[in-house]
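K.L.:
how would this look folded up:
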Amino acid sequence: MIGLLILLGIIVLLAIFFIGGYNKLVLLRNRLKNAFAQIDVQLKRRYDLIPNLVETAKGYMKHERETLEAVIQARNQAASAGKLAAQNPADGQAMAGLMGAEGALTGALGKLFALSESYPDLKANQNMMQLTEELTSTENKISFARQAYNDAVPVYNTGRETFPVNIVENMFNFAAATLFEIENKAEREAVKVSFD
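P.N.:
Here you go, the predicted model:
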């Protein structure tokens, strides 16, 4: 009888361990998803601003059609990659696709803004100035949301790798999350301002 009680006690402890480990992983995964959702909200806002920006620029930059189309194409690719990453932020391939698409979009927008410098009327356009200001604000919000997500990634990954929770992780296949890093080395460098 005592042996049966000991066995029952061990089974109950193991059940508590597995349930607690599983619940901890679910909690950490949900925090990770919430952190990514904050990025997703700002990315969608960015994607919504870009067509308006392109339409405003189109009236002034009639000879720059290729650049405008490149911005729209990069925006569409980034939006598609964002939808895939939002489904499972712990999917490393989806995050890599999003980071690449976001890098391409940032490059295309950089070219658009560089070209817009050649069009003084466009730079002075009230709508263009407002859209540029909104886009800058959104970029800052994306940066803060990305930082919060990148803070959640190591907490999640550490939680899933820590013994004895890693036993539960292996049983239920909680995938490692990937940081949302800047892939474009030019984006990492400080902006050089010259007053020549």
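
K.L.:
which ones are touching the most centrally placed residue in the chain?
P.N.:
Ranked by distance to the mean C-alpha position of the chain (Cα atoms, centre = their mean), the top residue is Ile39 at 5.1 Å. Contact partners of Ile39, counting by Cβ atoms under 8 Å, 6 or more residues apart in numbering, are Ile142, Ala145, Arg146, Tyr149, Phe180. Backbone N, C-alpha and C define where each C-beta goes, glycine included.

K.L.:
Do you know the pLDDT at it?
P.N.:
Ile39 carries a pLDDT value of 96.

K.L.:
circling back: Ile2: which of the contacts of Ile39 is nearest?
P.N.:
Closest to Ile2 out of the contacts of Ile39 is Tyr149 (51.8 Å), distances taken as Cβ to Cβ.

K.L.:
What segments of the protein are helices?
P.N.:
2-58, 65-87, 92-116, 120-124, 126-161, 165-172, 185-188 (DSSP state H).

K.L.:
Next, count neighbours for Gly3.
P.N.:
7 (other Cβ atoms under 10 Å).

K.L.:
For the chain, which residues score under the pLDDT cut-off?
P.N.:
The model of the chain has pLDDT under 70 over residues 183-196.

K.L.:
Could you rerun that using 80?
P.N.:
Applying pLDDT under 80 to the chain flags residues 62, 182-196.

K.L.:
Kindly format the C-alpha coordinates of stretch 20-34 as CSV.
P.N.:
The C-alpha coordinates for stretch 20-34 follow below in CSV (Å, rounded to 0.1, in the frame of the first residue of the first chain):
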residue,chain,number,x,y,z
GLY,A,20,3.8,23.6,-15.1
GLY,A,21,6.5,23.4,-17.8
TYR,A,22,4.1,23.4,-20.6
ASN,A,23,2.1,26.3,-19.2
LYS,A,24,5.4,28.3,-18.7
LEU,A,25,6.3,27.7,-22.3
VAL,A,26,2.8,28.7,-23.5
LEU,A,27,3.1,31.9,-21.4
LEU,A,28,6.5,32.8,-22.8
ARG,A,29,5.4,32.0,-26.4
ASN,A,30,2.3,34.2,-26.0
ARG,A,31,4.4,37.1,-24.6
LEU,A,32,6.6,36.7,-27.7
LYS,A,33,3.6,36.7,-30.0
ASN,A,34,2.3,39.8,-28.3
